[in-house]
Structures are given as structure tokens and as C-alpha cells.
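**Student:** Give me a 3D structure for the following:
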Amino acid sequence: MAIASSELVEREIRIEAPPSVVFEFLTDPAKMVRWMGTEAVLEPWPGGRYYVNPSGHEPASGKVLEIIPDRRWSSAGLGGRGAAAAAGSEHRRDLARARR
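**Tutor:** Presented below is the predicted three-dimensional model:
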């Protein structure tokens, strides 16, 4: 299903690390908690569970939709904070080396 442009939110974040390192922090629960959160359950395979509690009060959870090691991680949201975490929303993280 195509997303109407009025419903699409794009955000770019630059992290001073190679995509392989960022990918580890998105897929390893211990590293995710070191980065942000008080607890995490990450099952890095399609259909796997995604659960991160960034504040200790408002967890975000969902189901992993797609994994391409060191390149992409996407999930379907099942709640959390803000409109972007609304039930049924999709979150996709594309990892790329910064152009210099």
C-alpha cells in the first residue's frame, strides 16, 4: 500500500559511525539500552518482536518487517510516544555512509 505524501514523515540523522556499528545498536538489546532506554527486546528477523522503553514510562513496541544487515531495519509500530508511533505505522531506518 502506498503512503500518501501528507502521511509520510522523513527524518535524517547523522551519526559519526559506520552503518555496521549503527546496525548493531538497532539489533542488539544490550547495545540499544546503552544507547537509549531502560529495557529492550529486539528479535532481528522478519516477524520478530521490537520493544524499547526509552524513558522507563512509555515503551514502544512493534514487529520487525524487514532486515537487511548494515543497510535497513523496518518495523510496524504498535504504540509508543507521538503520532509517528501510532498503531499500524511503519518505521524504516536506512543506513548509509555519509557523503563527504
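**Student:** biggest helix in the chain, by residue count?
**Tutor:** Using DSSP state H to assign secondary structure, the helix with the most residues in the chain is helix 19-27.
**Student:** Show me what secondary structure element comes after that helix.
**Tutor:** Following helix 19-27 in sequence order, the next helix or strand is helix 29-35 (DSSP states H and E).
**Student:** how about that next one as PDB, C-alpha atoms only?
**Tutor:** Coordinates of each C-alpha in helix 29-35 appear next as PDB, following Å, rounded to 0.1, in the frame of the first residue of the first chain:
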ATOM      1  CA  PRO A  29      19.300  -5.300  23.100                       C
ATOM      2  CA  ALA A  30      22.300  -4.700  25.300                       C
ATOM      3  CA  LYS A  31      23.700  -2.100  22.900                       C
ATOM      4  CA  MET A  32      20.300  -0.500  22.400                       C
ATOM      5  CA  VAL A  33      19.900   0.000  26.200                       C
ATOM      6  CA  ARG A  34      23.500   1.500  26.300                       C
ATOM      7  CA  TRP A  35      22.400   4.000  23.600                       C
END
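**Student:** For it, list every residue counted as buried.
**Tutor:** The neighbour-count check on helix 29-35 (16 or more other CB atoms under 10 Å) flags Pro29, Met32, Val33 as buried. C-betas here are computed from N, CA, C, even on glycine.
**Student:** name the helices or strands packed onto it?
**Tutor:** Applying 3 or more CB pairs under 8 Å, 6 or more residues apart in numbering; DSSP states H and E, one finds that helix 29-35 contacts helix 19-27, strand 39-42.
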